[in-house]
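Asker: quick one: sequence and predicted model below, then my questions.
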Amino acid sequence: MKNLNRKTTTDGKSRSVEEQLTVELTEVFDRISTRKHQKNTLIALTVILKSFLNGELYGRDISKILSKELLFENYDELIKQGISIDINKLMTVFGQEDYSDIYHGSEFVTENAAWFVQHGASLDLLLGQFLIHDGWKNIEKLIQAGVPVTDLLNKKRMLLYVNDYFDLTVDRVKTIMNWFLRHGATKLQIGDWLKSELGKNVPIQLLRDHMINWSEYGIDPSKVHTMPGPNPGDE
């Protein structure tokens, strides 16, 4: 492994090996006019990158040379070549910035939610990057990507995407319950979710609905008490 801190002298200037590599690769990419050529050149540079950076690609100055778009488009090939890329950092950068006509921040993360999940991105972090509008469709993407519906039920941010900005009326909660049932959640799993939210984000009045067999949800309405202070749904 090369010592990245070892100093070299170029044009009368003292630089570390890493600094010199960055300068040289910058000059290479400056001479490449199109993204197609960049892509074709990228894989050829992986041996150099692995040699100098010991597989740690993202988080170093070299990531300023290899754009986020290139990292995303060539992710699988780079991983196959032994390059280590932090998928959560990559997703966060996409979610926080609007920097081209093609990629639009959280819109890009939302549209590629399945890809990020399938490549190991944090579900909590992903929900934090989501666009709020089209919440149901966004959650559908995660389920289609293989995220267990129970994992989604356990995420507090889920409410933000499925309840119209916390406007949780009794009817709205029933809609959410039925939606999760249709997508594979059990009544007991939904009951656990309700118990964690009753008196907080879910109105306690929900339990007055005698058309629902609450025992199937593991809830005894007679033993449920409201939280101190105003209760959602109170007039």
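Answerer: Right, received. Where do you want to start? Numbers count the residues shown, from 1 in each chain.

Asker: restricting to C-alpha, output the helix or strand encompassing Leu125 in PDB.
Answerer: Using DSSP states H and E, the element containing Leu125 is helix 123-129. The C-alpha coordinates for helix 123-129 follow below in PDB (Å, rounded to 0.1, in the frame of the first residue of the first chain):
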ATOM      1  CA  LEU A 123     -34.600   2.600   5.600                       C
ATOM      2  CA  ASP A 124     -34.800   5.300   8.300                       C
ATOM      3  CA  LEU A 125     -32.500   7.500   6.200                       C
ATOM      4  CA  LEU A 126     -34.400   6.700   3.000                       C
ATOM      5  CA  LEU A 127     -37.700   7.800   4.600                       C
ATOM      6  CA  GLY A 128     -36.000  11.000   5.600                       C
ATOM      7  CA  GLN A 129     -35.100  11.700   2.000                       C
END
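
Asker: would you list every one of the helices in this structure?
Answerer: 17-30, 35-44, 46-53, 68-73, 75-80, 87-96, 105-111, 113-118, 123-129, 135-144, 149-153, 158-162, 170-182, 187-197 (DSSP state H).

Asker: keeping just the C-alphas, turn the fourth one into CSV.
Answerer: What that stands for is helix 68-73. Listed next in CSV are the C-alpha coordinates belonging to helix 68-73 (Å, rounded to 0.1, in the frame of the first residue of the first chain):
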residue,chain,number,x,y,z
LYS,A,68,-22.4,11.3,-8.0
GLU,A,69,-24.0,10.4,-11.2
LEU,A,70,-21.1,8.2,-12.3
LEU,A,71,-21.0,6.5,-8.9
PHE,A,72,-24.7,5.7,-9.1
GLU,A,73,-24.6,4.6,-12.7
